[in-house]
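Undergrad: could you work out the structure for the sequence below:
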Amino acid sequence: MFPAGDPAYRVSFPRLRSGLKVRVIERGDVESAPVVLVHGWGCSVYVFRRNIHALADGGFRVIAVDLKGHGLSDKPIAPNEYTIDSLVEHFRDILDALELERPALAGHSLGGSLIYHFASRYPERARCLGLLSPVGLNGVPLMWLYRGLTPKVLTPILRLIKPRLIVKLALRRVYGRRARFTERDVEEFLAPSQFPEYALAMRELLHNYDWTAAKNRRLPTIDLPAVGVWGSLDHMMPDDGMGVYVRLLPRIVLRVIPNAGHIIAEETPEEVNTALLALLNAHARPGARTEPATSVYYSR
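TA: Numbering: from 1, shown residues only. Presented below is the predicted three-dimensional model:
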């Protein structure tokens, strides 16, 4: 599994306050300004393989993590492990374990909404936010179908599934017209299924994360610099999926990538890297004038 055998990466498995171990990969000078990359549902650090080196070459310490349940991190299967509140505290534990006070944060898909939730609770712990095709505030199209296909009664069967066909179908859905996935991509996304708890963890995350938080919670606005990047052919984002972030992050800059799908970090890495580096160069380098943020609750 990526980045095995590549000496440019540093790999560690810190144990968190919760007792869980997570996989962390790093690249870049350890004295440089840190940026933490957070993947989405069913992904791992592999999804950022075309971004990590570019950001590190741009002068940043780049850190990507496998959230619990994913990749080579521990995979608890209790439902309460995969709520928004639990994942926010899990991410705080990761930053604490890595001794990161106030890094820049970038998240793809679910990772995008997660870093928003984290920054809304701990605004002093984030320097700026990069939201890459973020989902999880205004819902996900066909979520009713995904949940309907994974009822609790099928849990014993989920342990036995080797989902190569499912992975290929999912990748076809999240790509646009700018690139195609490879067999290596299929193998990397399939790799965590070797662990019996993986499918169960993904099921619990699918059912217990609040994917419509903007409709169910009173969400605060955050005074942080941010960029929102998404593809024009993204079928995983609802109509006007970025509109909610314009209200919640008044300093956000929006960039749409023509003909790209949901997995823009893989499909159009150059555009993603350009957008992230613009944000990081302006707000994450030492001496950048970014005051600690505050949260103010937004009332609809």
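Undergrad: what is the neighbour count of residue 5?
TA: 6 (other Cβ atoms under 10 Å). Using the backbone N, CA and C atoms, a C-beta is placed for each residue, glycine as well.
Undergrad: likewise for residue 178?
TA: Neighbours of residue 178 using other Cβ under 10 Å come to 17.
Undergrad: look at it and report its pLDDT.
TA: In this model, residue 178 is scored at 97, pLDDT.
Undergrad: mind checking what secondary structure it has?
TA: Look at residue 178: counting by DSSP: H, G, I helix; E, B strand; the rest coil, its state is coil.
Undergrad: for this protein, which segments count as strands?
TA: 10-12, 24-27, 34-38, 61-65, 104-108, 129-132, 220-222, 226-231, 252-257, 295-297 (DSSP state E).
Undergrad: can you put these in TSV and add mean neighbour count?
TA: Shown next, in TSV, are those (neighbours: other Cβ atoms under 10 Å):
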stretch	mean neighbour count
strand 10-12	13
strand 24-27	21
strand 34-38	26
strand 61-65	25
strand 104-108	29
strand 129-132	28
strand 220-222	20
strand 226-231	25
strand 252-257	16
strand 295-297	13
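Undergrad: in the stretch 1-150 of the chain, what residue spans correspond to helices?
TA: 49-57, 84-97, 110-121, 143-148 (DSSP state H, counting those that start in this stretch).
Undergrad: mind listing what's buried in the shortest one?
TA: Within helix 143-148, the residues that qualify as buried by neighbour count (16 or more other Cβ atoms under 10 Å) are residue 143.
Undergrad: list the contacts of that helix.
TA: 140, 206-207, 211 (Cβ atoms under 8 Å, 6 or more residues apart in numbering).
Undergrad: repeat that for the longest one.
TA: Surrounding helix 84-97, the residues in contact under the criterion Cβ under 8 Å, 6+ apart are 14-18, 20, 22, 24, 36, 38, 65, 67-68, 80-81, 101, 103, 114-115, 117-118, 121-122, 125, 209-210, 213.
Undergrad: just the pLDDT for residue 296.
TA: Reported pLDDT for residue 296: 60.
Undergrad: pLDDT weak spots in the stretch 151-300 of the chain?
TA: Scanning the stretch 151-300 of the chain for pLDDT under 70 picks out the ranges 154-162, 289-300.
Undergrad: and residue 258, what is it in contact with?
TA: When contacts are counted by Cβ under 8 Å, 6+ apart, residue 258 touches residue 232.
Undergrad: can you pull the contacts of the spatially most central residue of the chain?
TA: By Cα atoms, centre = their mean, the chain has its centre lying nearest to residue 111, at 2.4 Å. The neighbourhood of residue 111, defined by Cβ under 8 Å, 6+ apart, consists of 37-40, 67, 132, 134.
Undergrad: could I get the pLDDT score of the nearest residue to residue 8 once chain neighbours are set aside?
TA: Leaving aside its sequence neighbours, residue 8 sits nearest to residue 27 (Cβ to Cβ, 6 or more residues apart in numbering; 5.8 Å). Looking at residue 27, its pLDDT is 98.
Undergrad: can I assume residue 275 is in contact with residue 255?
TA: Yes - look at residue 275 against residue 255 with Cβ atoms under 8 Å: they come within range, at 5.1 Å.
Undergrad: next, show the common contact partners of these two.
TA: Counting by Cβ under 8 Å, 6+ apart, the contacts common to residue 275 and residue 255 are 227, 229.
Undergrad: what residues does stretch 6-18 touch?
TA: Residues from elsewhere that reach stretch 6-18 (Cβ under 8 Å, 6+ apart): 3, 21-27, 52-53, 72, 90, 93-94, 96-98.
Undergrad: put the buried members of the residues you listed into a PyMOL selection.
TA: With 16+ other Cβ under 10 Å as the burial test, the buried ones among these are selected in PyMOL as follows:
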select buried, resi 3+21+22+23+24+25+26+27+52+53+72+90+93+94+97+98
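Undergrad: report the buried residues of stretch 238-250.
TA: 238, 241-242, 244-245, 248-249.
Undergrad: circling back: who touches the residue nearest to residue 8 in this structure?
TA: For residue 27, the contacting residues are 8-10, 52-53, 56, 62, by Cβ under 8 Å, 6+ apart.
Undergrad: and the residues you listed, which is closest to residue 185?
TA: Using Cβ to Cβ, residue 52 comes nearest to residue 185 of the contacts of residue 27, at 16.0 Å.
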